[in-house]
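# model the following, please.
(3 chains)
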Amino acid sequence: MTSDLSVDAVVDTARVVRQRTPLVQCITNYVSMDVAANLLNAAHASPAMVHDVNEAAEMATIASAVTVNIGTLSPPWVEGMHAAASTAHDRGIPWVLDPVAVGATAYRRETVTALLAHRPTVIRANASEILAIATSQGAGRGVDSTDDSIAIRHEAEKLAEALGSVVVVSGATDVVTDGERTVLVEGGDPRMPLISALGCAASALVAATCACAPDPWVGAVTAMAALADAGEVAGRSASGPGTLRPALLDALYLQQPDDLRKVVRR
Amino acid sequence: MTSDLSVDAVVDTARVVRQRTPLVQCITNYVSMDVAANLLNAAHASPAMVHDVNEAAEMATIASAVTVNIGTLSPPWVEGMHAAASTAHDRGIPWVLDPVAVGATAYRRETVTALLAHRPTVIRANASEILAIATSQGAGRGVDSTDDSIAIRHEAEKLAEALGSVVVVSGATDVVTDGERTVLVEGGDPRMPLISALGCAASALVAATCACAPDPWVGAVTAMAALADAGEVAGRSASGPGTLRPALLDALYLQQPDDLRKVVRR
Amino acid sequence: MTSDLSVDAVVDTARVVRQRTPLVQCITNYVSMDVAANLLNAAHASPAMVHDVNEAAEMATIASAVTVNIGTLSPPWVEGMHAAASTAHDRGIPWVLDPVAVGATAYRRETVTALLAHRPTVIRANASEILAIATSQGAGRGVDSTDDSIAIRHEAEKLAEALGSVVVVSGATDVVTDGERTVLVEGGDPRMPLISALGCAASALVAATCACAPDPWVGAVTAMAALADAGEVAGRSASGPGTLRPALLDALYLQQPDDLRKVVRR
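Numbering: from 1, shown residues only, chains lettered A, B, ... in the order given. Here you go, the predicted structure:
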């Protein structure tokens, strides 16, 4: 952990989430619809899956935060993504970009490049995806990370600095950086990557916490710490990835803001 | 409970569902796809998610009932909604409208107004959504209800009378009214609103029960009573919203028609 | 079981899946998105839900296998299906067709007829759907099978021979045939059909195992045997279809390749 991080700020952010129940507009992939919505609800936030260009911008004016996830991409959805992201940017609403499998196809690379113009508050991804953006060279093989989060810490920091975004690299250890300050978040359960779209749900949770945080870096740390703690708690009772998922939702629901202290102090 | 309600009619409806396994065509939002289909299956009905205008009307001619849910709206889906709803109306097949977050955007208000022309058999929604329709003034902040179901009982009754539809207002207590007869259904578990899209799944279940009921008001009461009972049973073993969901599906599956007597008699 | 089947080949296939983590491109319906992705992850494969024509063919060149499922059909998705299936066919990548409710509407019948031109490696469906293809006469009433798998064994064998595809007829007993060789796979749990889209997830698993098998017939047997074994294990602890699903995912995750011997030897 960096000494720059105020543990109290993280705990306070978690407390504010419980008070405000931030409304997160999610333009997210079909796989993540169920788990992202349930995870937001369990974590004391509120989901709104609204993606079409007929209403995406209007919804962003009501939302506390926006998440844009390119997992199951198609042209009408990309239109809605631009509408919501640009509205969020113009109004100072935090928005999170989740560039799922950005290295896999040209369409993904082009879409992410175009979305970066709306200056995401946070980019949350795995190491391969962050590397693909950082190097603008496709390296991924789908949604799995074949690179290690800590190994690309330097690239993440440079990317954060270059874009003016907080960058979250998910992995066994999460790297959360704004270019100047970097925190490593440890915890969770090794079977968490087997819960499909849990990363997408994490992006939605980052949006929720950023809406309640003094700054997006603290917000992102709060979300990742909440998941690390809940994953650990859930892992104790789960016998596999199937039972890990409901246990994780329960753990998030029962989590107290002070539970994050031990994660952040590691 | 109103003295107009025949408890036997409710129990009989639940029994007929188990005999007929009604096929419910669901044009429903992406978040609800999984939970609505599984809930219908658990409750001894059968789901068919068929939305595209190329086949939506044809499917409605095979279906026992139709549910139309505007949660994740887009123009091609709205086309399919109209095709299915008008076919259902023309053929006397019950259809349920779930106006998710109708107060949130102009697009939702317009879509719901247009769909009402097909005269839904039942409208199932939370208090904010019913109020938004009743007053034609957007008041919601997404999919959460910020109003109380019982507090708007009068508006629900007037709306039911005006439209000739049964109106179900979901909440801690559900209000089920056809304008003349009103039943309050109590039970469930306070964590049920944290199961994302459970309301949408409830709408699909209302469609299933209406296909097997002597009239839609009895049908709607049957569905809401089944959920209230199953939610209570599930709540006893669940430690949070994550484990509540599989427990709720199990409870619906194991539920006996006579179990609804105690809910309806409250 | 046929004496043509090598039990060792099945066990080896299961072992290779664990070594290679095959990437399965899924163009699948909205209901199945969550369960198919989670089932692939639990079964040591990797899902990639990529459907749009802008990237579907490119993704197929990276994928180890492709599954095409017509559950929630619409024209833009059909375009992507053709792009992925033809690419898979041209490159010799196994692809699985899941003709959900093909008998229900004309649109489904036309779409399946057109997709057959890309010569699916495997067709996995329930008895009604296989019959609908075999007879080109719609007989289904949605996604449920009203026919028995064993009763149509002969039709399945003739269809497999005519198309040059492996045909899997799911049911209480699964029939897996390439026209010459036929295996009956028994096991599972009677509540498995109540897990929505589990058949769709099975198709995705067949794609994964075919990518790791000496031939598609062995691959399909491996997937169905894995599900039969895991369903049995899960059924012992599940109290209904709700808890059966996470238990099934856990059982697949904990399954050892040698666990398939007892299923295949029945």
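# from now on I want contacts and neighbour counts done on CA atoms only, so please keep to that.
Fine.
# strands of the stretch 1-150 of chain A, start to end?
A:23-27, A:46-48, A:65-69, A:95-98, A:122-126 (DSSP state E, counting those that start in this stretch).
# so A:Leu205 sits right up against A:Asn41, yeah?
No: using C-alpha atoms under 8 Å, A:Leu205 is not in contact with A:Asn41; the gap is 9.8 Å.
# pull up the gap between A:Pro75 and chain B, please.
Computed as C-alpha to the nearest C-alpha, to the nearest Å, the A:Pro75 to chain B distance reads 13 Å.
# what sits closest to A:Thr243 if chain neighbours are left out?
Sequence neighbours aside, C:Pro246 is the residue nearest to A:Thr243 in space, at 5.1 Å (criterion: C-alpha to C-alpha, 6 or more residues apart in numbering or on different chains).
# next, count neighbours for that neighbour.
26 (other C-alpha atoms under 10 Å in any protein chain shown).
# of all of chain A, which residue lies closest to chain C?
A:Gly242 (3.9 Å; C-alpha to the nearest C-alpha).
# then that residue would be within a strand, right?
No: under DSSP: H, G, I helix; E, B strand; the rest coil, A:Gly242 falls outside any strand and is assigned helix.
# quick revisit: the residue nearest to A:Thr243: which element?
helix C:241-254 (DSSP states H and E).
# between helix B:241-254 and that helix, find me the angle.
Angle, helix C:241-254 to helix B:241-254, by axes from the mean of the first three to the mean of the last three C-alpha atoms, to 10 degrees: 120 degrees.
# give me the neighbour count for A:Ser239.
18.
# just for the stretch 51-200 of chain A, where's the confidence low?
A:136-146 (pLDDT under 70).
# can you show me the helices along it?
A:56-62, A:75-91, A:106-116, A:127-135, A:153-163, A:198-210 (DSSP state H, counting those that start in this stretch).
# for those, give me TSV that also has mean neighbour count and distance to B:Thr173.
Formatted as TSV, the helices of the stretch 51-200 of chain A follow (neighbours: other C-alpha atoms under 10 Å in any protein chain shown; distance: least, C-alpha to C-alpha, whole Å):
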stretch	mean neighbour count	distance to B:Thr173
helix A:56-62	22	28
helix A:75-91	21	35
helix A:106-116	17	44
helix A:127-135	23	47
helix A:153-163	19	49
helix A:198-210	30	29
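# turn those into a markdown table, columns for distance to C:Leu115.
Below are the helices of the stretch 51-200 of chain A laid out as a markdown table (distance: least, C-alpha to C-alpha, whole Å):
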| stretch | distance to C:Leu115 |
| --- | --- |
| helix A:56-62 | 34 |
| helix A:75-91 | 23 |
| helix A:106-116 | 24 |
| helix A:127-135 | 33 |
| helix A:153-163 | 43 |
| helix A:198-210 | 32 |
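# spatially central residue in chain A, please.
A:Ser203 (2.0 Å; C-alpha atoms, centre = their mean).
# spatially, what comes nearest to that residue if we skip its sequence neighbours?
A:Ser203 sits nearest to A:Arg124 (C-alpha to C-alpha, 6+ apart), 6.0 Å away.
# before we move on, what about A:Ala37?
A:Pro47 (5.4 Å).
# what's the neighbour count on the one you found?
Neighbours of A:Pro47 (other C-alpha under 10 Å): 30.
# show me what it bridges to in the sheet.
Taking DSSP bridges as the rule, A:Pro47 bridges to A:Val24.
# so it is in contact with A:Ile27, correct?
No: the pair A:Pro47 / A:Ile27 is not scored as a contact, 10.4 Å apart, by C-alpha under 8 Å.
# distance of A:Ala127 relative to A:Ala156?
Here A:Ala127 is placed at a distance of 9 Å from A:Ala156 (C-alpha to C-alpha, to the nearest Å).
# could you look up the SS state of the residue lying farthest from the centre of chain A?
The outermost residue of chain A relative to its centre, with distances by C-alpha atoms, centre = their mean, is A:Ser239 at 25.9 Å. Here A:Ser239 takes the coil state, with states given by three-state DSSP.
# near the residue nearest to it when sequence neighbours are not counted, how many residues? Count them for me, please.
Counting by C-alpha to C-alpha, 6+ apart, the nearest residue to A:Ser239 once its immediate chain neighbours are dropped is C:Asp250, at 6.4 Å. Residues near C:Asp250, counting by other C-alpha under 10 Å, number 24.
# same deal with the one 10 residues further on?
Residues within reach of C:Leu260, counting by other C-alpha under 10 Å, total 25.
# residues contacting it?
Applying C-alpha atoms under 8 Å, 6 or more residues apart in numbering or on different chains to C:Leu260 gives the contacts C:Val10, C:Val11, C:Thr222, C:Ala225, C:Ala226, C:Asp229.
# what helix or strand does it sit in?
Using DSSP H and E, C:Leu260 falls in helix C:260-264.
# list, one by one, the residues from chain A near chain C.
Neighbours of chain C within chain A, by C-alpha under 8 Å from any C-alpha of the partner chain: A:30-32, A:34, A:71-74, A:104-107, A:141-144, A:194-196, A:239-243.
# now the residue nearest to the centre of chain A: how far from chain B?
Taken as C-alpha to the nearest C-alpha, the span from A:Ser203 to chain B is 17 Å.
# is that residue in contact with A:Val100, as I believe?
No: applying C-alpha under 8 Å, one finds A:Ser203 not in contact with A:Val100, separated by 10.8 Å.
# for chain A, which residues are neighbours of chain B?
A:23, A:30, A:33-34, A:37-38, A:41-42, A:46-52, A:54-55, A:58-59, A:62, A:245-251, A:253-254.
# switch to 6 Å and redo it
A:Met33, A:Asp34, A:Ala37, A:Asn38, A:Asn41, A:Val50, A:Asp52, A:Pro246, A:Leu249, A:Asp250 (C-alpha under 6 Å from any C-alpha of the partner chain).
# how about the first one, what does it touch?
Read that as A:Met33. B:Val31 (C-alpha atoms under 6 Å, 6 or more residues apart in numbering or on different chains).
# please apply the same query to the last one.
Counting by C-alpha under 6 Å, 6+ apart, A:Asp250 makes contact with B:Gly240, B:Pro241, B:Gly242.
# thanks a lot, see you next time.
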